[in-house]
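Chemist: Sequence first, then the predicted structure:
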Amino acid sequence: MNNLENETKQWLGLPLNLLWGYVAIALFMTGDGFELAFLSKYITDLGFTEAQSSSAFAVYGFAAALAAWISGVFAEIVTPRKAMLAGFVMWCVFHVLFLVFGLGGKNYFFIMLFYGIRGFAYPLFLYSFIVMIVQNVKSTQISPSMGWFWTTYSVGIGVFGSFIPSLTIPAMGEMGTLWLALAFCFAGGLVALVMLRNVNSYSPMHGLSRQQKFSELSRAITLLVTNRNILFSSWVRIINTLSLFGFAVIMPMMFTKELGFTTSQWLQIWTVFFATTLVSNVFWGIVGEKLGWIKVVRWFGCIGMALSTLSFYYIPQYYNTIAEAGVNGAGTAEFMVAWIPAILLGWFVAAFVPMTAIFTTLEPKHQGAAISVYNLSAGLSNFLAPAIATVLLPYFSFIGVVYAYTALYLFAFAVTYFIKVKQPGFDT
């Protein structure tokens with residue numbers, strides 16, 4: 001993959017030549033994010049069990065992991081823009097099938113089938129744009145550029161993706177809201193197709209034979225064996241977003257069924273979490289270049305997420321107990337207190353932003369394959385988070401899942417000491 005050595009016009013680390021790509025990501029992930037904070041509860045409201053709901057998310061996450069794995073090299077083979085087109089079309093088609101035959105028909109088989117297949121779609125659209133970023137900025141600009149990438153991702157999947165449903169669900173219901181999601185994803189795909197057509201989006205592997213292309217695709221797995229630093233980095237990236245994807249599944253049930261919040265209140269709390277990442281993603285992307293990638297990931301990512309994961313459970317539970325005892329009253333106060341752990345989680349989850357720069361620096365000659373491993377790790381996080389919840393919920397309830405995530409963040413903290421990466425401008 002080519003790293004451009006010419007200066008790219010930027011604004012606070014944002015590459016301006018890719019501005020419309022960031023807009024497309026925000027729009028597309030808004031539609032994709034509509035379901036994130038309420039679908040698990042809606043599936044149980046249709047008559048399915050909590051374990052069945054978690055299983056649907058686990059299947060979706062597994063499909064997303066597979067798509068994430070191939071997306072980096074696939075985008076190099078066919079160009080990032082064409083890979084984004086494939087993801088866009090697949091998402092729209094299988095979202096309609098999921099709504100009509102799965103949720104609409106209350107058919108668990110079709111829920112698993114079409115929701116699972118749709119899981120292949122968003123990683124192709126989302127992660128192929130990472131390849132476009134790496135192709136169009138200098139290596140020293142990747143971390144802040146990725147900070148903006150995750151910020152626009154959060155604008156979509158988290159802020160608008162959570163806040164808009166909090167308004168539309170009371171007005172048009174869950175199914176109406178899920179149909180509205182299609183409009184946002186269609187708009188995002190259209191922006192990407194039209195506005196990125198002149199952006200440098202080449203295919204360095206176009207001239208390779210089919211065997212050579214498959215060989216490069218397989219490198220996305222063999223790197224985990226041949227490069228120990230990539231393996232350890234993969235573990236850390238998997239753990240990175242466990243609470244994000246896991247809490248989206250279990251916390252709607254805990255907040256609404258145990259703590260008495262409404263679905264709209266929960267969605268607004270989840271919006272606060274993602275709104276925080278609008279600042280924190282850019283902040284940690286820039287700080288990582290100044291303080292050091294590994295230091296930021298180790299101390300603010302791993303330790304910060306371990307503490308904020310615990311706080312997301314204990315602070316609402318503790319304050320809710322006090323309110324019920326009559327020491328404090330109003331539901332408004334409980335609602336505001338729940339913002340505290342949401343802000344903490346949003347601040348520290350972004351401290352893993354430098355991981356993209358770590359992966360591409362560890363494999364400068366095979367950056368597409370390195371990005372595929374990064375994407376695979378992100379997808380596995382999407383799969384493992386609800387899978388852990390599925391296994392532990394029946395035996396240990398919500399607190400067991402929270403403790404499991406916390407322990408894994410502490411494990412990731414230890415793993416960072418084994419990652420050896422030479423950051424430009426640092427002696428490591």
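Modeler: Alright, I've got the coordinates.

Chemist: So which bits of stretch 108-122 are buried?
Modeler: For stretch 108-122, burial by neighbour count (16 or more other CB atoms under 10 Å) applies to 108, 110-122. For the C-beta atoms, the positions are set from N, CA and C on the backbone; glycine is no exception.

Chemist: In CSV: the residues you listed, plus distance to Ile303 and pLDDT.
Modeler: What follows is the buried residues of stretch 108-122, written out as CSV (distance: CB to CB, whole Å; pLDDT from 0 to 100):
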residue, distance to Ile303, pLDDT
Tyr108, 40, 92
Phe110, 43, 94
Ile111, 38, 93
Met112, 37, 92
Leu113, 40, 93
Phe114, 40, 94
Tyr115, 35, 94
Gly116, 35, 91
Ile117, 38, 91
Arg118, 35, 93
Gly119, 31, 91
Phe120, 34, 89
Ala121, 35, 92
Tyr122, 30, 90
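
Chemist: Any chance of TSV for these, columns distance to Phe426 and secondary structure?
Modeler: Shown next, in TSV, are those (distance: CB to CB, whole Å; DSSP: H, G, I helix; E, B strand; the rest coil):
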residue	distance to Phe426	secondary structure
Tyr108	52	helix
Phe110	52	helix
Ile111	48	helix
Met112	47	helix
Leu113	48	helix
Phe114	47	helix
Tyr115	43	helix
Gly116	42	helix
Ile117	43	helix
Arg118	41	helix
Gly119	38	coil
Phe120	38	coil
Ala121	38	helix
Tyr122	34	helix
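
Chemist: of all those residues, which two lie farthest apart?
Modeler: Maximum pairwise distance among those (CB to CB): 22.1 Å, between Tyr108 and Tyr122.

Chemist: And the contacts of stretch 420-428?
Modeler: 139-140, 229, 233, 289, 292-294, 357-358, 361-362 (CB atoms under 8 Å, 6 or more residues apart in numbering).

Chemist: next one: stretch 189-201
Modeler: With CB under 8 Å, 6+ apart as the criterion, stretch 189-201 contacts 4, 17-18, 20-21, 23-24, 27-28, 79-81, 84-85, 88-89, 91-92, 125, 129, 132, 135-136.

Chemist: Quick check: mean pLDDT of it?
Modeler: For stretch 189-201, the mean per-residue pLDDT is 84.

Chemist: hmm, back to that, of all the buried residues of stretch 108-122, which comes closest to Gln268?
Modeler: Tyr122 (23.6 Å).

Chemist: Trp148 is in contact with Leu19, isn't it?
Modeler: No: with contacts defined as CB atoms under 8 Å, Trp148 does not count as touching Leu19, sitting 9.5 Å away.

Chemist: between those two, who's got more neighbours?
Modeler: More neighbours surround Trp148 than the other of Trp148 and Leu19, with 24 against 15 (other CB atoms under 10 Å).

Chemist: Would you verify that the more buried one is located in a helix?
Modeler: Yes: checked against DSSP: H, G, I helix; E, B strand; the rest coil, Trp148 lies within a helix.

Chemist: nearest spatial neighbour of it, skipping sequence neighbours?
Modeler: In space, and not counting its chain neighbours, Trp148 is closest to Leu14: 4.6 Å by CB to CB, 6 or more residues apart in numbering.

Chemist: Equivalent analysis for Val23, please.
Modeler: Once chain neighbours are set aside, the closest to Val23 by CB to CB, 6+ apart is Val191, at 5.8 Å.

Chemist: Look up how far Trp20 lies from the one you found.
Modeler: 6 Å (CB to CB, to the nearest Å).

Chemist: what's the answer for Ile130, then?
Modeler: From Ile130 across to Trp20, the span is 16 Å (CB to CB).

Chemist: Ala404 contacts Leu392, correct?
Modeler: Yes: using CB under 8 Å, Ala404 makes contact with Leu392 at a distance of 6.0 Å.

Chemist: Could I get the pLDDT score of Ala220?
Modeler: Ala220 carries a pLDDT value of 73.

Chemist: for Thr277, same thing?
Modeler: So Thr277 comes in at 87 (pLDDT).
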